[in-house]
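Colleague: any chance you could fold what I've pasted below:
(one chain, ligands or ions: 1)
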Amino acid sequence: MTAEAEFSTEVKSPASANKPLAPGLYLVATPIGNLEDITLRALRILRSVDRIACEDTRQTQKLLNHFDIKTPTVSYHMHNELARTEELTAELKAGGRIAVVSDAGTPGIADPGGQIAQAAIAAGIDVFPVPGANAAISGLIASGLPTECFTFHGFLPAKGGQRKTALEALPRDGATHIFYEAPHRIEDTLADLETVFGATQHVVIARELTKLHEEFLRGPVAELRKTLAARTVRGEIVLLLAPTVAEATAKEQRASIAVEVAALMKSEGISEMDALKRVARDRGIGKSEAYRELQREQNRLR
Ligand code: SAM
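Modeller: Purely as a prediction, here's the structure:
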């Protein structure tokens, strides 16, 4: 038998089609918009487990109805994750077979699932990934941005100041950055991106992936802002940022704000706050931005 034949006939899966489903926890990916994006294995496992723990039982019920799956469901979301983890782990220890699904996509990725996986592993229970749709990876592969090295950040902070700080703190390591973003925040986030990385920073907005109105907007952040300003933005969004190495180099070459502030305090005999205002004005940035930068530098030195 050739190695290839051996490989293709080898059955590694503990959930092989002709065997009863092994006890354990199954983290099952579900579609992010297009119902065809469910795998045959996911359907078989959802049919065979004792219970399906769902982020929202009503949402998952629609999927189960569509595929005529009658398995009982139980809620498992961020508000009952801890209590439910204990209950489900006890069931798993007794030999149960439980699937975890989120409303859409891969459990544990900006969704519940991670906590129960950790608890199950700690209790010596087998945990099986059942891969499938994921918005971040779907957006990335069709973005046209480098895919060799990427960082997934989940959702950015909702508050402007915190969001800007998070963007400023992004590692400039040549990686593509991937975020989930809400449609009502995308314009503010793009504005922050332009402030932090400049008007020519290349970004990609991947909207409504796998759905009827799937759309990719690619280009410099300033252009995408103009495009979005002229319309209402709806639907689900993955926001991708091209690697930011060049900007990082320019920023890192700039003198430290803490050094400038200290020098002014000494030479002019003024307070730290007055010195900071002067530095902010000279750099053409706001006081609060200068203050955040100062704090970051001071934290780094601690
Ligand atoms: N666990 C999911 C996954 O594997 O992608 C993500 C869940 S997270 C709570 C939901 C966010 O993912 C949305 O707000 C949006 O940013 C992104 N998302 C989900 N489905 C999407 C789609 N079809 N198109 C674009 N973004 C999507």
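
Colleague: residues contacting the closest residue to residue 128 other than its chain neighbours?
Modeller: With sequence-adjacent residues excluded and distances taken as CB to CB, 6 or more residues apart in numbering, residue 128 is closest to residue 26, at 4.9 Å. (Glycine included, C-beta is placed from N, CA and C.) Residue 26 sits next to 15, 45, 49, 97, 98, 99, 100, 128, 130 when contact means CB atoms under 8 Å, 6 or more residues apart in numbering.

Colleague: what sits against the residue of the chain found nearest the ligand?
Modeller: Nearest residue of the chain to the ligand: residue 105, at 2.5 Å (CB to the nearest ligand atom). Each residue near residue 105 by CB under 8 Å, 6+ apart is listed here: 29, 30, 31, 32, 111, 132, 133, 134, 135.

Colleague: quick one, phi psi at it?
Modeller: phi 90, psi -150 (degrees, to the nearest 10).

Colleague: show me the beta-bridge partners of it.
Modeller: Following DSSP bridges, residue 105 is listed with bridge partners residue 30.

Colleague: quick revisit: of the contacts of residue 105, the lowest pLDDT goes to which?
Modeller: Within the set of those, pLDDT is lowest for residue 111 (95).

Colleague: my read is that that residue contacts residue 101, right?
Modeller: No - the pair residue 111 / residue 101 is not scored as a contact, 9.2 Å apart, by CB atoms under 8 Å.

Colleague: of the two, who's got more company?
Modeller: The neighbour comparison of residue 111 against residue 101 (other CB atoms under 10 Å) goes to residue 101, with 30 against 18.

Colleague: hang on, the more buried one packs against residue 54?
Modeller: Yes - Residue 101 is within contact range of residue 54, at 5.5 Å (criterion: CB under 8 Å).

Colleague: what do the two both touch?
Modeller: Common neighbours of residue 101 and residue 54 (CB under 8 Å, 6+ apart) are residue 60.

Colleague: next, count neighbours for the closest residue to residue 196 other than its chain neighbours.
Modeller: In this structure, residue 196 finds its nearest non-sequential neighbour in residue 167, 4.6 Å apart by CB to CB, 6+ apart. By other CB under 10 Å, 21 other residues sit near residue 167.

Colleague: wait, a strand at residue 167?
Modeller: No - counting by DSSP: H, G, I helix; E, B strand; the rest coil, residue 167 is located in no strand; its state is helix.

Colleague: state the distance from it to residue 28.
Modeller: 33 Å (CB to CB, to the nearest Å).

Colleague: now residue 225
Modeller: In terms of CB to CB, residue 225 sits 38 Å off from residue 28.

Colleague: of these two, who's got more company?
Modeller: Shown here are residue 225 and residue 28; by other CB under 10 Å, residue 28 has more neighbours (25 against 18).

Colleague: name all residues that make contact with that one.
Modeller: 42, 45, 46, 52, 99, 100, 101, 107, 130, 132.

Colleague: quick one: residues contacting the first one.
Modeller: Applying CB under 8 Å, 6+ apart to residue 42 gives the contacts 28, 29, 30, 130, 132.

Colleague: equivalent analysis for the fifth one, please.
Modeller: In this structure, residue 99 makes contact with 25, 26, 27, 28, 45, 46, 49, 51, 52, 53, 71, 130, judged by CB under 8 Å, 6+ apart.

Colleague: got a quick PyMOL command for the buried subset of the residues you listed?
Modeller: Here is the PyMOL selection string for the buried members of these, based on 16 or more other CB atoms under 10 Å:
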select buried, resi 25+26+27+28+45+46+49+51+52+53+130
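
Colleague: filter the contacts of residue 99 down to the ones close to the ligand.
Modeller: By CB under 6 Å from any ligand atom, no member of the contacts of residue 99 lies near the ligand.

Colleague: re the thing from before, so what's the backbone phi/psi at the residue nearest to residue 128?
Modeller: According to degrees, to the nearest 10, residue 26 has phi -110, psi 120.

Colleague: then residue 74?
Modeller: phi -140, psi 150.

Colleague: restricting the selection to alpha carbons, write stretch 60-71 to PDB.
Modeller: Output of stretch 60-71 as PDB, limited to C-alpha atoms (Å, rounded to 0.1, in the frame of the first residue of the first chain):
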ATOM      1  CA  THR A  60     -29.400  27.400  17.400                       C
ATOM      2  CA  GLN A  61     -32.900  25.800  17.300                       C
ATOM      3  CA  LYS A  62     -33.400  27.500  13.900                       C
ATOM      4  CA  LEU A  63     -30.300  25.700  12.600                       C
ATOM      5  CA  LEU A  64     -31.300  22.400  14.200                       C
ATOM      6  CA  ASN A  65     -34.800  22.600  12.700                       C
ATOM      7  CA  HIS A  66     -33.300  23.300   9.300                       C
ATOM      8  CA  PHE A  67     -31.300  20.100   9.500                       C
ATOM      9  CA  ASP A  68     -34.000  18.200  11.300                       C
ATOM     10  CA  ILE A  69     -31.800  17.600  14.400                       C
ATOM     11  CA  LYS A  70     -33.800  16.700  17.600                       C
ATOM     12  CA  THR A  71     -31.000  16.700  20.200                       C
END
